[in-house]
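Engineer: my questions concern the predicted model and sequence given below.
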Amino acid sequence: MAGMYMGLEMKMSQQLIMTPQLQQAIKLLQLSRTELEELVDQALVENPTLEAQPVEADEETASEKKEEEKLDDSTNLVEEQEQFSVDDDWQHYIESGAGVIQETRGKQNDGDETKNLLEATISESTSLMDHLLWQLDVSDFSKIEVEIGEYIIGNIDADGYLSISVRDLVRDTKEMREFIQKAKSENSIKPIFDENSIARFELKHTLQQKVEPTKKKKKPLLEEDETSVEIETDTIEVSDEDCGYVEAVLQKIQNFDPPGVGARDLRECLENQLNLLNMSDSLEARIIKDNMQYLEQRDLKRIARLQKTDINEVVKAYQFITELEPKPGRPFGGEVTQYVIPDVYIYKRGNEYMVRMNHDSIPKLRINPYYQNLLSTEKNEKSNLKKTNPDSDQDMTYLYIQEKIKAGDWLMKSIEQRQKTIFRVAKSILKYQYEFFEKGIDYLKPLVLKDVAEDIQVHESTVSRITTNKYVYTPQGIFELKYFFTSGIDQGDGDVISSKKIKDYIKKLIDQEDNRKPYTDLQIKKELLENAEIKVARRTVAKYREAMSILPSNKRKKLY
């Protein structure tokens, strides 16, 4: 039996090391245009050796003219691709990190060819809370009502609904209880307490809490005292009269704009909107109050029997109810539209398609000549000296400038390589999807990342990163580069149909259907087979329809 011993051993092995430079290069590949602009701006601030290369008006005109002449001389796509050859060392360095997990960020696929549009300027929009607080300030409210109203508005969510019951609002807020006591002493608010209404809202809120249980809220008496006694808010008794003071202020807020705001459920929201229209005794109000369940199911015949009225009257009432706003805060809750600026242009000149990168808004970087000369001078001085002190301020300055210049060089090279890779991917997509650029979406072919990766000789992950959040302007519109990668459905005869083509055909059928007799998934399947000769299963139609957020036929059917 061999004994154990200690010794030294030499062994060679390969290992992937994620250097900061490699991490930066991979990160640059998947950055969107906006994120790249922010990164360049940050680099200009943090790296004193970097600067944006100034472009004089005459030089800019000459550069544009030279670019036009270059495009005119390019009679085929191969010559232009040769102009953007890849640096092999850099490419090998990037590909060594092909296994790094990519980060994907969804963007809205919308855009405009025109750059620097006035409409693209982001301005601050008024929030629902600001809109309600402004109305609170200009309304004839007492000081106590304003104080209570601010707490109520602070608990109204983005859809315009009060997200907490009145009783819980009083129980959980010490200031609210103090305002109520002051209102009682001043007799400045007349309490309102609707026993049935408040009980219904409290039951709804209790059920929600059971679905999503939360810890009991505890509040220290004295925050600065570590040994202070804590009390449970659930032990605080809240009387119906206390709720009535808050309910009185809430009902005033429910008269604010937008109509229906401050409601605690959909039924109250619709009822408040009808009250503002002086329709509290109408058929619509009775349907909402007594038949909300059947209204949601669109069972108008049962509603007509229960209301003992003609079905045509119920249809008219239903039509009016559907015109009310179920989410009063919707006009204030939308995100600001961000206009997409394409990273690359594909356009036709004569009989040839041209690919051109969009270099606007991304400044061309360079190393400041002053620091280059300073570094060269320092290097010469050090070579002439026999001894140097490595800890001197002069040497520290030299090393700092040297480090920043190297970082700037790598950033410029990474950005340049990113642009070249986008260009090559766009050229490859043009080659594979040529018929799409000529004739439209009906001619979009199935394409996977592997096809383009093998065509331009890079890793699939590189293609995935470089097509994320990058947009291309084409004669058919502006698309994300990922749009051209689509799966296909085998038709059995060797032909494969793009899934995007099938989705587009389904959408066109539904857009043109009779609203009174909408197409079922089975009918859509038959239409695809008979009119477009596309073989697809019914469940596939349902899957694509749901992916496009299109309701089933029974929900799309118009009842009037």
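Structural biologist: The structure has been received and is ready for your questions.

Engineer: low pLDDT regions in the stretch 1-150 of the chain?
Structural biologist: 1-3, 16-18, 55-124 (pLDDT under 70).

Engineer: mind redoing it with 80?
Structural biologist: Where the stretch 1-150 of the chain drops to pLDDT under 80, the residues are 1-5, 14-25, 54-125.

Engineer: try the chain
Structural biologist: 1-5, 14-25, 54-125, 193-238, 333-339, 361, 375-395, 487-498, 555, 557-560.

Engineer: contacts for stretch 445-453, please.
Structural biologist: Residues lying outside stretch 445-453 but in contact with it, judged by CB atoms under 8 Å, 6 or more residues apart in numbering, are 425, 428-429, 432-433, 435-436, 459-460, 462-464, 467, 484-488, 496-499. (Glycine included, C-beta is placed from N, CA and C.)

Engineer: could you rerun that using 10 Å?
Structural biologist: Defining contact as CB atoms under 10 Å, 6 or more residues apart in numbering, one finds that stretch 445-453 is touched by 98, 424-429, 431-436, 458-464, 466-467, 481-482, 484-490, 496-501.

Engineer: which positions in stretch 9-28 come out as buried?
Structural biologist: Taking 16 or more other CB atoms under 10 Å as the neighbour-count basis, stretch 9-28 is seen to contain the buried residues 22, 25-28.

Engineer: out of those residues, which are inside helices?
Structural biologist: Per DSSP state H, helices hold the following members of those: 22, 25-28.

Engineer: could you list the domains of the chain?
Structural biologist: What automatic domain parsing lists as the domains of the chain is 22-101+340-481, 126-264, 487-556.

Engineer: and those domains as TSV, adding distance to residue 8?
Structural biologist: Listed next are the domains of the chain as TSV, based on distance: least, CB to CB, whole Å:
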stretch	distance to residue 8
domain 22-101+340-481	30
domain 126-264	57
domain 487-556	55
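
Engineer: wait, which of these is closest to residue 328?
Structural biologist: Taking CB to CB as the criterion, domain 126-264 is the member of those that comes nearest to residue 328, at 3.4 Å.

Engineer: sorry, back to before: make TSV out of the ones in helices among the buried residues of stretch 9-28 and add distance to residue 449.
Structural biologist: TSV is the format used below for those (distance: CB to CB, whole Å):
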residue	distance to residue 449
22	21
25	19
26	16
27	19
28	19
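
Engineer: and of these, the nearest to residue 284?
Structural biologist: For those, with residue 284 as the reference and CB to CB as the criterion, the closest is residue 27, at 56.4 Å.

Engineer: hmm, back to that, ok, so of the buried residues of stretch 9-28, who is nearest residue 241?
Structural biologist: When the buried residues of stretch 9-28 are compared for distance to residue 241 (CB to CB), residue 27 wins out at 61.0 Å.

Engineer: quick check: the closest one touching residue 39?
Structural biologist: Yes. Between residue 27 and residue 39 there is a contact under CB atoms under 10 Å: 8.4 Å.

Engineer: what ranges do the strands span in the stretch 401-550 of the chain?
Structural biologist: With strands called from DSSP state E, counting those that start in this stretch, the stretch 401-550 of the chain shows them at 471-474, 477-480, 488-490, 496-498.

Engineer: can you tell me which of these is packed in deepest?
Structural biologist: Neighbour counts (mean count of other CB atoms under 10 Å) averaged over each of those peak at strand 471-474, with a mean of 23.

Engineer: distance from that strand to the middle of the chain?
Structural biologist: Its chain's C-alpha centre and that of strand 471-474 lie 20 Å apart, by CA atoms, centre = their mean, to the nearest Å.

Engineer: list the helices and strands it packs on?
Structural biologist: Secondary structure elements in contact with strand 471-474, counted by 3 or more CB pairs under 10 Å, 6 or more residues apart in numbering; DSSP states H and E, are strand 344-349, strand 352-357, helix 393-432, strand 477-480.

Engineer: which stretch among the ones you listed comes nearest residue 309?
Structural biologist: Nearest to residue 309 among the helices and strands packed on strand 471-474 is strand 477-480 (49.9 Å), distances taken as CB to CB.

Engineer: closest one to residue 300 among the domains of the chain?
Structural biologist: domain 487-556 (13.3 Å).

Engineer: and for the closest residue to residue 481 other than its chain neighbours, the neighbour number?
Structural biologist: Excluding the flanking residues, the one nearest residue 481 by CB to CB, 6 or more residues apart in numbering is residue 467, at 3.8 Å. Other residues within reach of residue 467 by the criterion other CB atoms under 10 Å amount to 24.

Engineer: ok, now residue 257?
Structural biologist: Around residue 257 there are 11 other residues, counting by other CB under 10 Å.

Engineer: that one contacts residue 328, correct?
Structural biologist: Yes. Taking CB under 10 Å as the definition, residue 257 is a contact partner of residue 328 at 8.9 Å.

Engineer: joint contacts of those two?
Structural biologist: Counting by CB under 10 Å, 6+ apart, residue 257 and residue 328 have no contacts in common.

Engineer: helices of the stretch 101-250 of the chain, start to end?
Structural biologist: In the stretch 101-250 of the chain, the segments counted as helices under DSSP state H, counting those that start in this stretch are 128-138, 143-154, 166-172, 174-186, 195-211, 240-253.

Engineer: got CSV for the ones you listed, with mean neighbour count and distance to residue 536 too?
Structural biologist: What follows is those, written out as CSV (neighbours: other CB atoms under 10 Å; distance: least, CB to CB, whole Å):
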stretch, mean neighbour count, distance to residue 536
helix 128-138, 16, 44
helix 143-154, 19, 51
helix 166-172, 21, 52
helix 174-186, 16, 59
helix 195-211, 12, 39
helix 240-253, 20, 52
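
Engineer: cheers, nothing more for now.
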